[in-house]
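Novice: Following is a predicted model, sequence given first.
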Amino acid sequence: MTIPNALTLIRILLTPVIVWLLLASRLDYALIVFFIAGLTDGLDGLIARLFHQKTKLGAYLDPLADKLLLVSSFILLGYLNLVPVWLAVTIVSRDVIILLGMMTLLFHNVKVEIKPSIISKLTTLVQLLTVLVVLGSSYLSFPRWAYMVLFFLTGLFSIASGLQYIVKGFQLLDTRRANNQYQ
């Protein structure tokens, strides 16, 4: 077990704690736990790169941990009317489409290398920032228009990265079909 994988597991274990805190309307504690979870996200990647601790397990666990943390957070923030419902639906839909795409590729025996793109990494960063800003709004409040801009940018990044994954998935399927024709 590498340190990055341990940090990723901590993030996975913190997700139900955040869910419980949000359901209990304990936004102050949810902010602290979410901040710690966000730190583990940044640290695991940094340590993996700096100390050459990238693993195949980590390549699968890290995006899974991100999806669990962010999807559950946005579902509950939408439920609590702290983010617009359209934003929660956009983020959840993107991740469901990505998951269905991965299952489709696996069904067609397409080898998939888990390697997030720059836009995907930026999407995760913007989503993390959005949750932090919303959870911290009782400590540092912004004008309503600033939240709307943040929500719009988060939705835009989520849609853009989702479309990029869809295009990449079709390219992988097309390559697989072309290779099957010549065998």
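Specialist: Yes, it's here.
Novice: going forward, measure contacts and count neighbours with C-alpha atoms only.
Specialist: OK.
Novice: Run through the chain and note the low-pLDDT ranges.
Specialist: 183 (pLDDT under 70).
Novice: list the buried ones in the longest helix anywhere in it?
Specialist: The single longest helix within the chain, with elements called by DSSP state H, is helix 144-181. For helix 144-181, a neighbour-count test (16 or more other CA atoms under 10 Å) marks 147, 150-151, 153-155, 157-162, 165-166, 169, 172-173, 176 as buried.
Novice: Find the residue closest to residue 162 in space, skipping its chain neighbours.
Specialist: residue 94 (5.5 Å; CA to CA, 6 or more residues apart in numbering).
Novice: and that neighbour, what does it touch?
Specialist: Residues counted as contacts of residue 94 (CA atoms under 8 Å, 6 or more residues apart in numbering) are 158, 159, 162.
Novice: same thing but 10 Å
Specialist: Taking CA atoms under 10 Å, 6 or more residues apart in numbering, we find residue 94 in contact with 71, 88, 100, 155, 158, 159, 160, 161, 162, 163, 165, 166.
Novice: Tell me which helix or strand the first one sits in.
Specialist: So the one you mean is residue 71. helix 56-79 (DSSP states H and E).
Novice: After that helix, which helix or strand is next? Please name it.
Specialist: Heading C-terminal from helix 56-79, the first helix or strand you meet, by DSSP H and E, is helix 85-107.
Novice: Give the next helix or strand downstream of that following helix.
Specialist: Under the assignment DSSP H and E, the closest C-terminal helix or strand after helix 85-107 is helix 118-135.
Novice: and that next one, how far out from the chain's middle?
Specialist: 8 Å (CA atoms, centre = their mean, to the nearest Å).
Novice: got the angle between that helix and helix 56-79?
Specialist: Here the directions of helix 118-135 and helix 56-79 differ by 40 degrees (axes from the mean of the first three to the mean of the last three CA atoms, to 10 degrees).
Novice: list the helices and strands helix 118-135 packs on?
Specialist: Under the contact criterion of 3 or more CA pairs under 10 Å, 6 or more residues apart in numbering; DSSP states H and E, helix 118-135 touches helix 27-50, helix 56-79, helix 144-181.
Novice: and the longest one, how far from the chain's centre?
Specialist: This means helix 144-181. 13 Å.
Novice: how far away is residue 159 from residue 93?
Specialist: 9 Å (CA to CA, to the nearest Å).
Novice: Also residue 181?
Specialist: Taking CA to CA, one finds residue 181 at 33 Å from residue 93.
Novice: same thing with residue 117?
Specialist: 19 Å.
Novice: Between the two, point out the one with more neighbours.
Specialist: residue 93 (16 against 12; other CA atoms under 10 Å).
Novice: residues touching that one, list them.
Specialist: Residue 93 makes contacts with 71, 87, 99, 158, 159, 162, as judged by CA under 10 Å, 6+ apart.
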